[in-house]
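S.K.: coords below, sequence missing:
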């Protein structure tokens with residue numbers, strides 16, 4: 001039997017967990033795909049086009065924003081969302097490394 005010392009950086013583990021949790025939801029992935037198709041889009045267009053309730057859309061965008069997956073910029077009464085591709089790419093590489101791809 002192999003004995004390995006298991007140590008984790010608690011802060012990095014928490015950040016990673018929140019990021020994976022944010023990306024592991026089908027509706028959030030659908031929202032991300034829609035933002036990706038449009039580069040930068042305001043929240044009204046997201047929920048109207050995807051036929052979602054405004055409150056549900058806002059909750060999912062909040063989770064994505066807190067995980068650093070999307071960035072929000074206010075322009076008057078509209079909040080525009082863009083994808084933080086650096087974070088998404090890091091998550092993709094981490095998952096692929098974990099899966100041995």
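M.R.: Okay, I see it. Since the model is a prediction, treat every value here as computed from it, not as a measurement.

S.K.: all strands for this structure, in order.
M.R.: Counting by DSSP state E, one finds strands in the chain at the ranges 40-42, 70-75, 78-83.

S.K.: Export those as CSV, with columns for distance to residue 58.
M.R.: Using the backbone N, CA and C atoms, a C-beta is placed for each residue, glycine as well. Formatted as CSV, those follow (distance: least, Cβ to Cβ, whole Å):
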stretch, distance to residue 58
strand 40-42, 12
strand 70-75, 10
strand 78-83, 9
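
S.K.: any weak-confidence spans in this structure?
M.R.: Along the chain, segments meeting pLDDT under 70 span 1.

S.K.: Which parts of it are helices?
M.R.: When secondary structure is read from DSSP state H, the chain shows helices at 10-23, 26-38, 43-49, 54-66, 85-99.

S.K.: Output those in CSV, with mean neighbour count and distance to residue 73 appended to each entry.
M.R.: Output for the helices of the chain, formatted as CSV (neighbours: other Cβ atoms under 10 Å; distance: least, Cβ to Cβ, whole Å):
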stretch, mean neighbour count, distance to residue 73
helix 10-23, 13, 19
helix 26-38, 15, 13
helix 43-49, 16, 11
helix 54-66, 16, 11
helix 85-99, 12, 16
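
S.K.: now these in a markdown table, with distance to residue 77?
M.R.: As requested, the helices of the chain are arranged in a markdown table below (distance: least, Cβ to Cβ, whole Å):
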| stretch | distance to residue 77 |
| --- | --- |
| helix 10-23 | 26 |
| helix 26-38 | 19 |
| helix 43-49 | 9 |
| helix 54-66 | 14 |
| helix 85-99 | 27 |
